[in-house]
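Asker: Sequence and predicted model, in that order:
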There are 2 protein chains.
Amino acid sequence: MIGRLNHIAIAVPDLAVAVATYRDQLGAQVGAPQALPEHGVTVVFIDTGNTKVELLEPLGAGSPIAGFLEKNPAGGMHHICFEVPDIAAAVSRLVSGGARVLGDGQPRTGAHGNPVVFLHPKDFSGTLIELEQVRG
Amino acid sequence: MIGRLNHIAIAVPDLAVAVATYRDQLGAQVGAPQALPEHGVTVVFIDTGNTKVELLEPLGAGSPIAGFLEKNPAGGMHHICFEVPDIAAAVSRLVSGGARVLGDGQPRTGAHGNPVVFLHPKDFSGTLIELEQVRG
């Protein structure tokens, strides 16, 4: 069912510091910051050739990563995202198997414009997993 | 400097449970468990096509992931690994820039038989980063 690892997301308290670290110390290919107010984050994409690292900084009130940064003030790995070809089929299979989809269980439009869901970390060894529909 | 994301490592308290979850619920391509006593872990590789997820379970006394699992009993994302073409050059650049290499600062042979180092999470927005030398 799951395909490519689309990205790993890292929540950071200071995007400028994180960008400088990845660009100057690690020599990574770092993109420009993109404000995504509808998702409550500012994001920077790092292209590793085979996948992406996404650095996320909270944007505005009620950011979905604010709670994580309260618990992890230095930042840390927030979630991983796998691609699926059919998100409705994926959700159906997961729910049948007893896994919990966060929120109301319905796919929403993610930061890349594709339908996404998030799965409960308690059902996946403590890891927050995003599934993103990417058509073949 | 950094190239491909070689893998993301997830520490889990129960490898059999994690394997069943990834294989049966997520439909992932899950390999057989490999005991690596010299690294203090049993590992299962998940091939996502473009990169790997590595599930790690402690093996023996003094496992390097034992402390992490004490703090995160359900498991969680432990580290990410980037490939570099020349680990000595990478370490030299990082140390010159003020970043800290864990241990004695010298590369060791990692789980894939290549030289690796780990970088201090406090220097990288709370994320434990492994660098693995993979020749072109």
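Answerer: All right, it came through fine.
Asker: In the lengthiest helix in chain A, which residues are buried?
Answerer: For chain A, the longest helix by residue count, based on DSSP state H, is helix A:87-96. Buried residues in helix A:87-96, counted by 16 or more other C-beta atoms under 10 Å in any protein chain shown: A:Ile87, A:Ala90, A:Val91, A:Arg93, A:Leu94. Where you see a C-beta, it was placed from the backbone N, CA and C, and this is true even at glycine.
Asker: what's the answer for stretch A:94-111, then?
Answerer: A:Leu94, A:Ala99, A:Val101, A:Pro107, A:Gly110, A:Ala111.
Asker: Run through the residues that contact the closest residue to A:Ala74 other than its chain neighbours.
Answerer: Nearest non-adjacent residue to A:Ala74, counting by C-beta to C-beta, 6 or more residues apart in numbering or on different chains: B:Gly126, 3.7 Å away. Residues in contact with B:Gly126 (C-beta atoms under 8 Å, 6 or more residues apart in numbering or on different chains) are A:Ile10, A:Val12, A:Asn72, A:Ala74, A:Gly75, A:Gly76.
Asker: What about these, which one has the most neighbours?
Answerer: Ranked by neighbour count (other C-beta atoms under 10 Å in any protein chain shown), the contacts of B:Gly126 have A:Val12 at the top, with 28 neighbours.
Asker: Does it touch A:Met77 like I think?
Answerer: No - in this structure, A:Val12 is not within contact of A:Met77 by C-beta atoms under 8 Å, at 10.6 Å.
Asker: What is the burial count for A:Gln25?
Answerer: Using other C-beta under 10 Å, A:Gln25 has 20 neighbouring residues.
Asker: Chain neighbours aside, what residue packs nearest to it?
Answerer: Spatial nearest neighbour of A:Gln25, chain neighbours left out: B:Gly97 (4.7 Å); criterion: C-beta to C-beta, 6+ apart.
Asker: That neighbour contacts A:Asp24, correct?
Answerer: Yes - counting by C-beta under 8 Å, A:Asp24 is a contact partner of B:Gly97 at 6.9 Å.
Asker: May I have the strand or helix carrying A:Ala9 as PDB, with CA atoms only?
Answerer: Assigned by DSSP states H and E, A:Ala9 falls within strand A:5-11. Output in PDB follows, covering the C-alpha atoms of strand A:5-11 (Å, rounded to 0.1, in the frame of the first residue of the first chain):
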ATOM      1  CA  LEU A   5       8.700   8.300   1.600                       C
ATOM      2  CA  ASN A   6       7.500  11.700   0.400                       C
ATOM      3  CA  HIS A   7       9.100  13.600   3.200                       C
ATOM      4  CA  ILE A   8      10.200  13.800   6.800                       C
ATOM      5  CA  ALA A   9       9.000  16.800   8.700                       C
ATOM      6  CA  ILE A  10      11.100  18.500  11.400                       C
ATOM      7  CA  ALA A  11       9.600  21.100  13.700                       C
END
